[in-house]
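K.L.:
coordinates only, no sequence provided:
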């Protein structure tokens, strides 16, 4: 018997045959054919250099060697069994790391963790910026992650809008929605509406464009580039869109009405800010839930995890209308010529 | 907010005029605009501005010297203003206005080509005129007249050809390329490279306007007609944007190409003040339309006009002084 032979399977055949005092019943118990069982025992006898069973009588009996080796064989099998147990419980207690955006709601993330526990998976949520979620999947430090993709190709779409100071004074009682009354959907904001206002009745503040701050989550180069270009085309000065910096400061300035903050609706509501979605869906967030590279091809991301992560990220059920950029471009050749 | 925080303009002007120049430069910088500005009283020569000797690709501003050379040929009997020219849009220049936007061939007199070129910045009219007055001739005449700092090296359609050649027929990438090249200093679009483009400095353009308004260049009939034609310009969104009043007259010529937004012109008041202005800008704005930048140019022109007019003093007692046409 060379070392590639499965010693455990052979010992199993031997121990079962002793227990059952019959090759037929032993084969039944192990769920293998009897000739295979006989062959394994013969191989084992060749390996040990002596017979384990006396086959000369009608009833197969165990030889002296067979009796001598039995407790040792049993011990090997028991240890192998324990090894498998330890491996399984180690696997079960391992934390399954899931990379999520930093602006997810704690309650929604708690639902992800609880749902994992119900399915025997210990989930650890990791708040990470978009690029580190991608690299975490690649180096295996994350099992699953929400990764940013363009909204046109995304499985999940998170509507982005502008958080602003809450309405100055909602009448008493009106702020508390009676049960069953849904909050009126805020009207979309269009970037060109943010241009400074002129004319009578404009306040001093309205004559100056209000900066738009972006969270780390939205400082993905492609998304940032797209937003910058859209802002410029809408007639907003360059530099009006800029990174938010420390979160508390950015939120304080937003609530004070000094700036607006680009974010998803749940985030704005959690912090007591007003919120209205951007009309241009191509500026919203697009996300996919991806698995670590070693999992690809094999098991996909479980459906329950996708659903709960989508809810935590604030993904919308419906896809917003996206106009192709430059739809208003007009006739291209004359735009490239000297004009005026 | 400016992409060039280390940038410090070189100012001209003294005393209060310097303050005005600094205020205009600060307003522009806040919008991400760089460029040259020069305003000069045509009669006193007092002036204010910044970065006035920087060569800048002219875009459609080049139509002013082109018109002057063509008008001088007409005035000296070397070109017939009534001569009929047929312009076929199929083979003519690209452009959004005038004959360049026509769909069918049109026959127009030379004198009216000049009107179209200066009133609506018609690229096809400019190309048709350059068939009659060669690029080299325009450049040579300017040198003969003593206009250093002004160079005419290519036809109008070359701007479109170079931009489309660099990126294909698409506005946004061409604009971004122009902005990028400005930062790196290496020009992919040849007509934006001061070494190859039609160029001018704020000084050279204000000199030209001053001499045109004072009949100190070319034939007087040519300068008179150029003043008349420049007053017909329909675009008032830029230099004239904060100078629109029945008591003021702005005769100008815009120039717009990718990230360039220029205008040169003369502001005249009923009271007789005359100020020549050149505003040559480039910006990092990734947009075709930037009304705030256009308005900033207009606000600068008004500030400069009012500051120079205060310095001039006393001319208001002789209404119509210096203006060649009674106010109607």
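P.N.:
That came through fine. The shown structure was predicted, so the numbers you read here are calculated from the model rather than taken from an experiment.
K.L.:
please work out which residues outside stretch A:120-131 touch it.
P.N.:
Residues outside stretch A:120-131 that contact it (C-beta atoms under 8 Å, 6 or more residues apart in numbering or on different chains) are A:92-102, A:104, A:109, A:112-113, A:115-117, A:136, A:142, A:145, A:147-148, A:216-217, A:219-220. Quick note: C-beta positions are derived from backbone N, CA and C, even for glycine.
K.L.:
looking at these, which are in strands?
P.N.:
Mapping those onto strands (DSSP state E) picks out A:95, A:96, A:97, A:98, A:99, A:100, A:145, A:147, A:148.
K.L.:
what's the distance between the last one and chain B?
P.N.:
To tie it back to what came earlier, the one meant is residue A:148. Noted for residue A:148: a distance of 22 Å to chain B, by C-beta to the nearest C-beta, to the nearest Å.
K.L.:
and that residue, what are its bridge partners?
P.N.:
For residue A:148, the beta-bridge partners are residue A:287 (DSSP bridges).
K.L.:
and the second one, by the same measure?
P.N.:
Beta bridges link residue A:96 to residue A:123, judged by DSSP bridges.
K.L.:
okay, it: pLDDT?
P.N.:
The score at residue A:96 is 89. That number is its pLDDT.
K.L.:
so it sits against residue A:116, correct?
P.N.:
Yes - the pair residue A:96 and residue A:116 qualifies as a contact (C-beta atoms under 8 Å) at a distance of 6.7 Å.
K.L.:
more crowded one of those two?
P.N.:
Remark: of residue A:96 and residue A:116, residue A:116 carries more neighbours, 21 against 15, as counted by other C-beta atoms under 10 Å in any protein chain shown.
K.L.:
closest one to chain B out of the ones in strands among the contacts of stretch A:120-131, please.
P.N.:
residue A:148 (22.1 Å; C-beta to the nearest C-beta).
K.L.:
and that closest one, what is it in contact with?
P.N.:
Listed by C-beta under 8 Å, 6+ apart, the contact set of residue A:148 reads A:130, A:220, A:223, A:285, A:286, A:287.
K.L.:
in the longest helix along chain A, what's buried?
P.N.:
Scanning chain A for the longest helix, with DSSP state H as the assignment, gives helix A:64-93. Buried residues in helix A:64-93, counted by 16 or more other C-beta atoms under 10 Å in any protein chain shown: A:66, A:69, A:70, A:73, A:77.
K.L.:
tell me which other helices or strands it touches.
P.N.:
helix A:7-20 (3 or more C-beta pairs under 8 Å, 6 or more residues apart in numbering or on different chains; DSSP states H and E).
K.L.:
count the residues that sit near residue B:90.
P.N.:
Neighbourhood size, residue B:90 [other C-beta under 10 Å]: 8.
K.L.:
next one: it, what pLDDT does it get?
P.N.:
At residue B:90, the pLDDT value in this model is 86.
K.L.:
tell me the SS of it?
P.N.:
Under DSSP: H, G, I helix; E, B strand; the rest coil, residue B:90 falls in the coil class.
K.L.:
ok, it - contacts?
P.N.:
The contact partners of residue B:90, taken as C-beta under 8 Å, 6+ apart, are residue B:105.
K.L.:
redo that, cut-off 10 Å
P.N.:
Residue B:90 sits next to B:102, B:103, B:104, B:105 when contact means C-beta atoms under 10 Å, 6 or more residues apart in numbering or on different chains.
K.L.:
put together JSON lines for the ones in strands among the contacts of stretch A:120-131, with distance to residue B:290 on each row.
P.N.:
Putting the ones in strands among the contacts of stretch A:120-131 into JSON lines (distance: C-beta to C-beta, whole Å) gives the following:
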{"residue": "A:95", "distance to residue B:290": "52"}
{"residue": "A:96", "distance to residue B:290": "51"}
{"residue": "A:97", "distance to residue B:290": "47"}
{"residue": "A:98", "distance to residue B:290": "44"}
{"residue": "A:99", "distance to residue B:290": "40"}
{"residue": "A:100", "distance to residue B:290": "39"}
{"residue": "A:145", "distance to residue B:290": "40"}
{"residue": "A:147", "distance to residue B:290": "36"}
{"residue": "A:148", "distance to residue B:290": "30"}
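K.L.:
about what we covered before: list residues touching both of residue A:96 and residue A:116?
P.N.:
With C-beta under 10 Å, 6+ apart as the test, residue A:96 and residue A:116 both reach A:122, A:123, A:124, A:125, A:305.
K.L.:
are we agreed that the fourth one is in a strand?
P.N.:
Translated: residue A:125. Yes - per three-state DSSP, residue A:125 lies within a strand segment.
K.L.:
what pLDDT is listed against it?
P.N.:
94.
K.L.:
give the contact list for residue B:60.
P.N.:
By C-beta under 10 Å, 6+ apart, the residues touching residue B:60 are A:337-340, B:66, B:95, B:117-118, B:121-123, B:126, B:156, B:159, B:198, B:235, B:253-257, B:260, B:262-263.
K.L.:
which ones are touching the residue nearest to the spatial centre of chain A?
P.N.:
By C-alpha atoms, centre = their mean, chain A has its centre lying nearest to residue A:145, at 3.3 Å. Residue A:145 makes contact with A:97-101, A:126, A:128, A:130, A:132-137, A:287-292, A:301, A:309, according to C-beta under 10 Å, 6+ apart.
K.L.:
which among these end up buried?
P.N.:
Buried among the contacts of residue A:145 (16+ other C-beta under 10 Å): A:97-101, A:126, A:128, A:130, A:133-134, A:136-137, A:287, A:289-292, A:301, A:309.
K.L.:
residues contacting residue A:30?
P.N.:
A:9, A:12, A:13, A:15, A:16, A:17, A:20, A:36, A:37, A:40.
K.L.:
any chance you could map the helices in the stretch 201-340 of chain A?
P.N.:
A:221-233, A:247-255, A:265-270, A:303-313, A:332-336 (DSSP state H, counting those that start in this stretch).
K.L.:
ok, now the stretch 1-150 of chain B?
P.N.:
B:16-30, B:63-75, B:110-119, B:123-132, B:135-144.
K.L.:
so which of those gets nearest residue B:286?
P.N.:
Closest approach to residue B:286 among these (C-beta to C-beta): helix B:16-30, 17.4 Å.
K.L.:
tell me what the helix or strand of chain B with the lowest mean pLDDT is packed against?
P.N.:
Ranking every helix and strand in chain B by mean pLDDT, DSSP states H and E puts helix B:157-167 at the bottom, with a mean of 88. Counting contacts by 3 or more C-beta pairs under 10 Å, 6 or more residues apart in numbering or on different chains; DSSP states H and E, helix B:157-167 packs against helix A:332-336, helix B:123-132, helix B:171-184, strand B:248-257.
K.L.:
apply 8 Å and report the result again.
P.N.:
Based on contacts counted as 3+ C-beta pairs under 8 Å, 6+ apart, the elements that helix B:157-167 packs against are helix A:332-336, helix B:123-132, helix B:171-184.
K.L.:
residues in contact with that helix?
P.N.:
A:333, A:336-338, B:59, B:93-94, B:123, B:127, B:173-174, B:177-178, B:188-192, B:257-258.
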